[in-house]
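Peer 1: Compute the structure for the input listed below.
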Amino acid sequence: MENSFSKFFNNKYLDWQKEIGELRPMSDFAEFLGIPQPMVSAWSNGRYLPGKKYLQTLASKLGNEIYDALGISQSSYLDALPEDIRALIVSAAQEVNDSLQNSEDVLDDSESKKLAIKIFAKHGITFRQL
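Peer 2: Below is the predicted model:
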C-alpha cells in the first residue's frame, strides 16, 4: 500500500544505493539510518508513517524534505530563540554543512565533530561537553 511518504522513502533508498555505488539490502539502509529494520520496512511498504521519535534522525540522514513528504511543518527549537542568536547558530551550522559538503576527504564522525566545534567557536559558540 504505497503512499507519498513511501515513494519518497524508497527514492531515498535508491539514491543511497547509487551514492555508495552498489545494490544493498534494506537492512543495510536501516543500519545506515540507525533505525530498526522492521520500522524501515514498514515505512517502505507504506504500512506506517514515522512518528516524532524518528523525525530528527531521518531528517539528519535524508534531508529536511522529509517533513514535506509527510505533509507536516518542520518545527524547530531555534524558532524560540531571539533572532540574533538564531541567525548566529544558523550561520555557523550552514558553514559546517558547506565545509563538510565541499571537503575532498571523507570525514568520520569524530573529524566532523572537531570541524563543527572549530567553526562554531569561530562564530563565538562554544560547547562545554559533547
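
Peer 1: Arg24: how many residues sit nearby?
Peer 2: A count of neighbours around Arg24, defined by other CB atoms under 10 Å, yields 14. Yep, even glycine has a C-beta here, placed from its N, CA and C like the rest.

Peer 1: Apart from its neighbours in sequence, what residue is nearest it?
Peer 2: Counting by CB to CB, 6 or more residues apart in numbering, Arg24 lies nearest to Gln17, which is 5.7 Å off, once chain neighbours are set aside.

Peer 1: With Thr126 instead?
Peer 2: Spatially, and ignoring its direct neighbours in sequence, Thr126 is nearest to Phe120 (7.3 Å; CB to CB, 6+ apart).

Peer 1: Measure how far whichever strand or helix holds that neighbour is from the centre of its chain, please.
Peer 2: Phe120 belongs to helix 109-122 when assigned by DSSP states H and E. Going by CA atoms, centre = their mean, to the nearest Å, the spacing between the C-alpha centre of helix 109-122 and its chain's C-alpha centre is 17 Å.

Peer 1: how about Ala69, what does it touch?
Peer 2: 4-5, 8-9 (CB atoms under 8 Å, 6 or more residues apart in numbering).

Peer 1: Now the buried members of the residues you listed.
Peer 2: 5, 8-9 (16 or more other CB atoms under 10 Å).

Peer 1: just the residues you listed now: which is nearest Asn64?
Peer 2: Looking at the buried ones among the contacts of Ala69 and their distance to Asn64, the nearest is Phe8, at 12.2 Å (CB to CB).
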